[in-house]
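Student: with the sequence up front, the predicted model follows.
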Amino acid sequence: DLKEDHHPSKQLDQEHHPTRMTTMMTRRARIVRLVYPVLAGSFGGNTVICAKALIFLIQTSVTTSENQFQYGGSYGYIVALIFCLAGQLYFLDGGMRRYDAVFVVPIYICFWMISSIMGALFFFQEIKHLSAIDIVFFLLGVLISLLGVLLHSTRPQQKEPYCISDAMAAEARRDDEEESGSS
């Protein structure tokens, strides 16, 4: 069986079927285009959690006589906030540069809301205060949001993905054409 798979005629058949490779690239491209808004939203949700934790530390320091910033862990929230904010902006900017905003923004908002709510539920132990029906409706809302975004994101894109070097090359060609046309 192994010898048959490596037979030269089988290799030629695989090389002459570009649709198989195109299908693989299309699947990969669909997954990759999700990475930017999903990561931006996830970083955004964690940004909210870090900001809420810092606000809580400041509030506690102001309302009580105990300075919460005398502990090293408090500064960890500042570092985490900066890291999450940078990640959020990096991936949101990358997604917006490469893909249609109508595709990126809904996915970003959906994951931003889900990750910030889920983070607050567990980090601040707010889940203890929810009833079973609250949890069921929350999960139903998450499911509806994800299904809506899934349906929306599977439509064809208007904007072709590109990179900055491609855009710069196109601009340079236009400049060259203008110069040769004006001569």
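Tutor: Thanks, I have the structure now.
Student: what's near enough to touch residue 69?
Tutor: 57, 61, 75 (C-beta atoms under 8 Å, 6 or more residues apart in numbering). Using the backbone N, CA and C atoms, a C-beta is placed for each residue, glycine as well.
Student: same check, this time on residue 81
Tutor: Counting by C-beta under 8 Å, 6+ apart, the residues that residue 81 touches are 47, 50-51, 54.
Student: redo that, cut-off 6 Å
Tutor: residue 50 (C-beta atoms under 6 Å, 6 or more residues apart in numbering).
Student: just the pLDDT at it, thanks.
Tutor: On pLDDT, residue 81 comes in at 96.
Student: how far away is it from residue 57?
Tutor: Between residue 81 and residue 57 the computed distance is 11 Å (C-beta to C-beta, to the nearest Å).
Student: are any of the contacts of residue 69 buried, and which?
Tutor: With neighbours counted using 16 or more other C-beta atoms under 10 Å, those contain these buried positions: residue 57.
Student: in helices, which of the contacts of residue 69 appear?
Tutor: 57, 61, 75 (DSSP state H).
Student: assign a three-state SS to residue 32, would you?
Tutor: Three-state call for residue 32 (DSSP: H, G, I helix; E, B strand; the rest coil): helix.
Student: distance of it relative to residue 179?
Tutor: According to C-beta to C-beta, residue 32 and residue 179 sit 37 Å apart.
Student: without its sequence neighbours, what residue ends up closest to residue 91?
Tutor: residue 40 (3.8 Å; C-beta to C-beta, 6 or more residues apart in numbering).
Student: residue 47: neighbour count?
Tutor: 24 (other C-beta atoms under 10 Å).
Student: next one: residue 76
Tutor: By the criterion of other C-beta under 10 Å, residue 76 has 12 neighbours.
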